[in-house]
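**Q** Build me a model:
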Amino acid sequence: MIKILFLLLFPLFLFSKYQVVTYFPLESNIVKKIAHNEIKIREITNRFIPVYRELPYSEVSRLSNAKIYFHFGLDVEKAYGKVLKERNPELVEIDLSEGIGKIPNNPYFWTDPFILRDVGKKIFETLVIYDKSQTEFYRKNYENFLEEIDETFLKIKRKFEISDIYAIYVFDDYWEYFANRFRIKTFKREKEHLNIADINKLVEFKDKENITRILFFDEKDHNVVFSLANNLNIKAVEDNIFNDNWQINLLELANNLNK
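**A** This next block holds a predicted model:
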């Protein structure tokens, strides 16, 4: 009898958890650092896509039933927020980038561990507003998250303290916050093939600035990247800041740069 009663009540227990929406899994995993399983998270997409794609009516209805929409403030995320709020004006939209000192025209702030502390605080403060009964639970998880961030920062800092990585070429703006935090100079390269006449000048510039790596994200850039790397005798490093786990992302970036 008890077992039957549990089976009947279990779906109600799940439903009682209030729902949260994020745009992609990286955001979900950061929210879960503080919420754990106290909320139900739904994602607009299961991987980061930089462009807006119209959602089916049924999907908009499903997502807009959430209480909170957490996002990083990217343009594509704001576009979805507008659609969801049109369906449900009571949806609370939390832009995790608000109040953060951002680099002009560069929204990719989550590669800076210190900024993630501010993100965690905003998530914690939002959760306790809508679920006061779990305040101490969220507080403990928030404090643990801060410790995790600090430990990750120190691991990376120690690695670069004994590193010969002082300057890198980048093909996108994704790594500026990381580079600034760990005092690495970046030089933006256009995604175009080398002109043979420019190679000698580039070699001189590379040697002068002590550039030893090229960071890139898109596989479509492989030919351009490796042409530059081979001609300048520097290492190409592929990196994706949109992968699901923020900590693994930063540690792997540091490790790959230092290999």
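**Q** What residues does K235 make contact with?
**A** Residues near K235 by C-beta atoms under 8 Å, 6 or more residues apart in numbering: T212, R213, I214, A229, K259. C-betas here are computed from N, CA, C, even on glycine.
**Q** Pipe those residues into a markdown table and attach pLDDT and neighbour count per row.
**A** Shown next, in a markdown table, are the contacts of K235 (pLDDT from 0 to 100; neighbours: other C-beta atoms under 10 Å):
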| residue | pLDDT | neighbour count |
| --- | --- | --- |
| T212 | 96 | 18 |
| R213 | 97 | 20 |
| I214 | 96 | 23 |
| A229 | 93 | 17 |
| K259 | 90 | 7 |
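**Q** Tell me which entries of those lie within strands.
**A** T212, R213, I214 (DSSP state E).
**Q** which residues touch the closest residue to the last one other than its chain neighbours?
**A** Translated: I214. Distance criterion C-beta to C-beta, 6 or more residues apart in numbering; nearest residue to I214, sequence neighbours excluded, is Y169 at 4.3 Å. Taking C-beta under 8 Å, 6+ apart as the contact definition, Y169 lies against T186, F187, K188, R189, I211, R213, I214, L215, L228, I234.
**Q** mind giving me a markdown table with those residues and columns for distance to V21?
**A** Formatted as a markdown table, the contacts of Y169 follow (distance: C-beta to C-beta, whole Å):
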| residue | distance to V21 |
| --- | --- |
| T186 | 33 |
| F187 | 38 |
| K188 | 34 |
| R189 | 37 |
| I211 | 41 |
| R213 | 37 |
| I214 | 36 |
| L215 | 31 |
| L228 | 40 |
| I234 | 42 |
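**Q** now, among the ones in strands among the contacts of K235, which is nearest to K33?
**A** R213 (29.8 Å; C-beta to C-beta).
**Q** wait, doesn't that closest one sit right on N233?
**A** No. Assessed by C-beta atoms under 8 Å, R213 is found out of contact with N233, at 11.6 Å.
**Q** any low-confidence regions in the protein?
**A** 1-16 (pLDDT under 70).
**Q** do that again at 50, thanks
**A** Applying pLDDT under 50 to the chain flags the ranges 1-2, 4-15.
**Q** what's the domain layout of it?
**A** Following automatic domain parsing, one finds the domains of the chain at 11-157, 164-258.
**Q** Could you look up the SS state of T45?
**A** coil (DSSP: H, G, I helix; E, B strand; the rest coil).
**Q** for E54, that is, sorry about that
**A** Applying three-state DSSP: E54 is coil.
**Q** Next, count neighbours for it.
**A** As a burial measure, E54 scores 8 neighbours (other C-beta atoms under 10 Å).
**Q** for it, what are its contacts?
**A** Here E54 is in contact with no residue (C-beta under 8 Å, 6+ apart).
**Q** how about a cut-off of 10 Å?
**A** For E54, the contacting residues are V60, V83, by C-beta atoms under 10 Å, 6 or more residues apart in numbering.
**Q** how close does it get to V60?
**A** Using C-beta to C-beta, to the nearest Å, one obtains 9 Å as the distance from E54 to V60.
**Q** joint contacts of those two?
**A** In contact with both E54 and V60: V83, using C-beta under 10 Å, 6+ apart.
**Q** This protein: strands as residue ranges?
**A** Using DSSP E, the strands of the chain run over residues 19-22, 40-43, 68-71, 92-95, 167-170, 185-188, 211-216, 235-238.
**Q** Can you add distance to A197 and give these back as CSV?
**A** Output for the strands of the chain, formatted as CSV (distance: least, C-beta to C-beta, whole Å):
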stretch, distance to A197
strand 19-22, 48
strand 40-43, 48
strand 68-71, 46
strand 92-95, 47
strand 167-170, 19
strand 185-188, 19
strand 211-216, 20
strand 235-238, 22
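**Q** Nearest to E176, out of those strands?
**A** Among the strands of the chain, strand 185-188 sits nearest to E176 (C-beta to C-beta), with 6.3 Å.
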